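> Predicted structure and sequence below. I'll ask about it afterward.
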Amino acid sequence: MMKPVSSVEGRAIPFGAKNVDTDVIIPAAWLKTISREGLGKGAFETVRAQDGNIFDNPDFAGAPILIAGDNFGCGSSREHAAWALLDLGITVVIAPSFSDIFAGNAFKNGILTVALPQEQIDRLMEVSETDPVTVDLDTQTVTTPFQDRFTFEVDPFRKHCLSEGLDEVGLTLERDSAITDYETRRAANMPWLQPNTHITTERTA
């Protein structure tokens, strides 16, 4: 099960860079692991190698929101990029647009991607330098302490899954009663399909 996403409030990292590919989010050297834990250490490694980078600014320590530029998550389809963001503490990414594959991976791992026009991104970049931002999935809005209110679109199915914390396993478990009913009927109607069922035949003289 994923952690449900409803209302996320806190500092937002004003990154703003465009065309950030998945190799920037998590370099290839970190892809040897199959664990989701610890990848935050490698997140944006090349960016963090620069003095004064935004990710190591103590003002944004533990920030749950990342503000990025156009075409965020382009490049290879590594799911580790979503894992690294989560391990870094980020549960919402706001940008003008996203790579389709990254957006899919983010959704499956419980990260909300919010697409807003560039002028609204610019405003959020300005506010986030000093003040928190609130992203509300229920009302599909991004707000600031200065009465800014930006609406965003989200696929209804993805909204349901994110708000309920449902990954693919969770979605299957939602249908547990229907699955149990089907298996009960099948056992009654087609007993030969049941495990450990042996069919024997008798030879007649």
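That came through fine.
> correct me, but Asn53 touches Val47?
Yes. Shown here, Asn53 and Val47 form a contact pair, counting by CB atoms under 8 Å, at 5.3 Å. C-beta here means a position set from N, CA and C on the backbone, and glycine is covered the same way.
> For these two, work out which one has more neighbours and name it.
Comparing Asn53 with Val47 by neighbour count (other CB atoms under 10 Å), the higher total belongs to Val47, at 16 against 13.
> Excluding chain neighbours, what is closest to Arg48?
Nearest in space to Arg48, with sequence neighbours left out and distances taken as CB to CB, 6 or more residues apart in numbering, is Phe55 at 5.1 Å.
> for stretch 133-145, how far is the first residue from the last?
7 Å (CA to CA, to the nearest Å).
> my bad, should have said stretch 29-37
End-to-end distance (CA to CA), stretch 29-37: 15 Å.
> Off-centre distance for that stretch?
Relative to the mean C-alpha coordinate of its chain, stretch 29-37 is positioned 17 Å out (CA atoms, centre = their mean, to the nearest Å).
> Any buried residues in it, and which?
By neighbour count on 16 or more other CB atoms under 10 Å, the buried set for stretch 29-37 is Trp30, Leu31.
> Now do that stretch, average pLDDT.
Stretch 29-37 shows a mean pLDDT of 84 in the predicted model.
> and what of stretch 92-101?
In this model, stretch 92-101 carries a mean pLDDT of 98.
> Endpoints of it, how far apart?
End-to-end span of stretch 92-101 (CA to CA): 16 Å.
> in it, what counts as buried?
Val92, Val93, Ile94, Ala95, Pro96, Ser97, Phe98, Ser99, Ile101.
> Take the residues you listed and write them to a markdown table, including distance to Ala61 and secondary structure.
Formatted as a markdown table, the buried residues of stretch 92-101 follow (distance: CB to CB, whole Å; DSSP: H, G, I helix; E, B strand; the rest coil):
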| residue | distance to Ala61 | secondary structure |
| --- | --- | --- |
| Val92 | 17 | strand |
| Val93 | 18 | strand |
| Ile94 | 19 | strand |
| Ala95 | 22 | strand |
| Pro96 | 26 | coil |
| Ser97 | 28 | coil |
| Phe98 | 25 | strand |
| Ser99 | 27 | coil |
| Ile101 | 29 | helix |
